[in-house]
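*Asks:* predicted coordinates and the sequence they were generated for:
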Amino acid sequence: MISVLKYAVRKEYINYTFDAVKVHLDITQNDLAETKMTDETEVYTEEETYRLKEFLSNSQMIHDLALLLFFYTGLRNGEMSSLKWEDYDGSGLKIHRMERTEYSLTGERHYTTLDNHAKTKKGIRELPLSYSAIQILERVKVLNPDGEYIFEKNGKRITSEALRKRLITVCRKVGIKYKPPHKMRKTFL
């Protein structure tokens, strides 16, 4: 709720702050306090990680290889879907691009990539890759030898939303509870 109001203020849809609204609502500071999540909800367990990696490693689907790469890089979902082959030098990745989701007036979603943008100040970075990560990218290169983006299908970049949807399906197939791709990032760390 807070993020929606912040967005509305930033876009100048409204000209008042959340604090002004909070006074008129029956909300206490405790209602707004963040809930501390347990490790079980914040990361994939060893068993879940094993099941996912085993399934994804045996797949030849480009979506699945992107999901597998999350475990070896700790990339954000929007960073993964925005990677281009020019960002890969055979031993590392240059992370300097992210995906942005925008909505039309009719509520239709559009995905674009932004060059030289990152979620945080340290987001633009050089990322050395492990042997396992390099092997995954080499497998992707066989599936997508001529693409501009590393993860594309039929000439179109695979969006972060497509990766999320695929992960839901994969979690169901391996019999574990779905956790978003960001949890793979936290599992990596």
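*Replies:* Structure received.
*Asks:* show me which residues of the longest helix along the chain are buried.
*Replies:* In the chain, assigned by DSSP state H, the helix with the most residues is helix 160-174. Across helix 160-174, burial judged by 16 or more other CB atoms under 10 Å covers Ser160, Ala162, Leu163, Arg164, Arg166, Leu167, Val170, Cys171. C-beta: built from backbone N, CA, C; applies to glycine.
*Asks:* and the third one, how far is that from Val140?
*Replies:* This means Leu163. 13 Å (CB to CB, to the nearest Å).
*Asks:* what is in contact with the two at once?
*Replies:* Ala66, Phe151 (CB atoms under 8 Å, 6 or more residues apart in numbering).
*Asks:* low-confidence stretches in this structure?
*Replies:* 1-6, 9, 16-41, 186-189 (pLDDT under 70).
*Asks:* which residues in this structure form strands?
*Replies:* Assigned by DSSP state E, the chain shows strands spanning 92-95, 97-103, 109-115, 125-128, 152-153, 156-157.
*Asks:* does Leu163 touch Leu69 like I think?
*Replies:* No - when contacts are counted by CB atoms under 8 Å, Leu163 is not listed as touching Leu69 (10.2 Å).
*Asks:* between the two, which contacts overlap?
*Replies:* Met80.
*Asks:* which non-adjacent residue is nearest Gly175?
*Replies:* Arg51 (7.2 Å; CB to CB, 6 or more residues apart in numbering).
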